[in-house]
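Trainee: sequence and predicted structure, then a few things I'm wondering about:
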Amino acid sequence: MRGNEDLGGKVSIYDHSVFMWHSEDNLNGTITTHVDDFEYSGTSNWHKDVVQKLVQMFKISKNEKGTFKYLGLNIEQNGSQIFIDQYAYVENLKEIDIQDERKKQLDEKLSEKEMKQLRSVCGQLLWATSQTRPDVAFDSCQVNNYGKEPTVRNILEANKAIKKLKTDKVKIVYPCLGNPKHMKVAVYGDGSHNSLPNGASQGGKIVFLTGNGRAAPIAWQSKKLDRVTKSPLATEISAVADAADMGFLIASMVRELFALEQLPDIELITDSNSLRQHLETKTTITDPRNRVDTARLREMTDIGEVKIRWVRSELMLADCLTKHGASSDLLRKVLVSGTLPHPTPSYQN
């Protein structure tokens with residue numbers, strides 16, 4: 001968006017759709033673009049100096065604030081808090097119509113018509129779970145990984161995911177986190193070994209920005225790990241290393257956005273006792289493919305880039321991102337309250 005740079009904006013080195021305006025060490029305003037739409041926020045003076053000029057420059061036809069809809073998301077600002085949901089979008093999702101007799105043919109290949117319906121539903125599920133519903137991200141990931149020859153079973157799984165989205169309504173709160181200098185990054189990383197039909201493993205992560213006793217979800221992902229792992233420990237190492245990378249990226253973006261002198265503290269949270277013990281004792285990993293990830297995690301903790309915290313499995317917010325049957329109740333509670341659970345760490349660098 002050339003006009004932003006002409007008006008003194010600086011494009012983020014991490015995301016070229018994000019533009020920032022600073023004066024000395026203070027953030028005055030930001031603009032985030034998406035195709036021909038953009039969101040903006042900033043001080044009143046910045047609005048006069050930048051936004052008003054942009055409106056004239058690009059002949060903006062519609063300008064909304066406070067409560068509005070953006071890319072299918074309902075956005076509401078109430079005092080110092082912002083709420084985001086996709087109630088209307090989710091309610092409009094339709095299950096794939098399938099006859100009772102067809103439902104019994106679980107392993108039968110889909111017709112062309114059914115294939116087209118499944119692809120459409122998968123895209124809709126992915127959009128909802130990537131924007132506001134991390135609690136259903138695992139279900140969406142599983143539905144989208146239907147392979148080259150999807151079956152009736154995949155349609156039933158897609159319909160089940162839609163029902164789950166509609167059953168549990170979630171309005172994410174983004175509270176005021178206070179002084180950016182005191183913000184921290186909390187990263188939950190989890191892996192589920194040999195949990196997928198082809199023997200692959202699932203990894204999940206969710207990153208929160210915290211401050212002022214509150215927390216806001218920034219990024220999350222549920223995905224099949226890039227390689228097949230040989231053991232539960234190898235799965236956890238791979239998944240947690242991925243989570244650490246995402247946490248470091250978010251911390252770097254926060255530092256850039258608020259022009260901080262240092263990276264925010266990063267806390268990497270795991271429920272794996274085996275991983276904790278290996279990081280504590282510096283035990284050599286026998287699997288050559290996991291030595292790199294383990295060495296990288298140890299280096300990040302040794303130089304103070306991250307602190308590792310171990311929690312009980314019931315407090316692992318990424319658990320529902322990696323396996324069937326895992327409860328997502330605690331994660332939904334955190335999303336709507338803006339408050340993380342307060343576990344007592346058993347281990348911390």
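Mentor: In hand now; what should we look at?

Trainee: so what's the nearest residue to R332 once chain neighbours are set aside up against?
Mentor: Nearest non-adjacent residue to R332, counting by C-beta to C-beta, 6 or more residues apart in numbering: D135, 5.1 Å away. Any C-beta I mention is one placed from the backbone N, CA and C, and that applies to glycine too. For D135, the contacting residues are D168, V170, C320, S328, L331, R332, L335, by C-beta atoms under 8 Å, 6 or more residues apart in numbering.

Trainee: same check, this time on L297
Mentor: I237, V240, A241, A244, L268, L279, V306, I308.

Trainee: quick one: least confident of those residues?
Mentor: Within the contacts of L297, pLDDT reaches its minimum at L279, with 82.

Trainee: helix, strand or coil: sort out that one for me.
Mentor: helix (DSSP: H, G, I helix; E, B strand; the rest coil).

Trainee: tell me which residues touch it, please.
Mentor: Neighbouring residues of L279 by C-beta under 8 Å, 6+ apart: T294, L297, R298, T301, I308.

Trainee: backbone dihedrals for G66, please?
Mentor: Main-chain torsions, G66, degrees, to the nearest 10: phi 80, psi -80.

Trainee: what distance do you get for it to W127?
Mentor: For G66, the distance to W127 (C-beta to C-beta, to the nearest Å) stands at 24 Å.

Trainee: for the contacts of L297, which one is nearest G203?
Mentor: If you rank those by distance to G203 using C-beta to C-beta, V240 comes first, at 8.5 Å.

Trainee: now do stretch 265-277: everything it contacts.
Mentor: So stretch 265-277 is contacted by 184-191, 232-233, 236-237, 240, 243-244, 247-248, 251, 283, 297, 305-313, 315-317, 319, 346-347 (C-beta under 8 Å, 6+ apart).

Trainee: give me the buried entries from the residues you listed.
Mentor: With burial judged by 16 or more other C-beta atoms under 10 Å, the buried subset of the contacts of stretch 265-277 is 184-191, 232-233, 236-237, 240, 243-244, 247-248, 251, 297, 305-311, 315-317, 319.

Trainee: and E157, how many neighbours?
Mentor: By other C-beta atoms under 10 Å, 16 other residues sit near E157.
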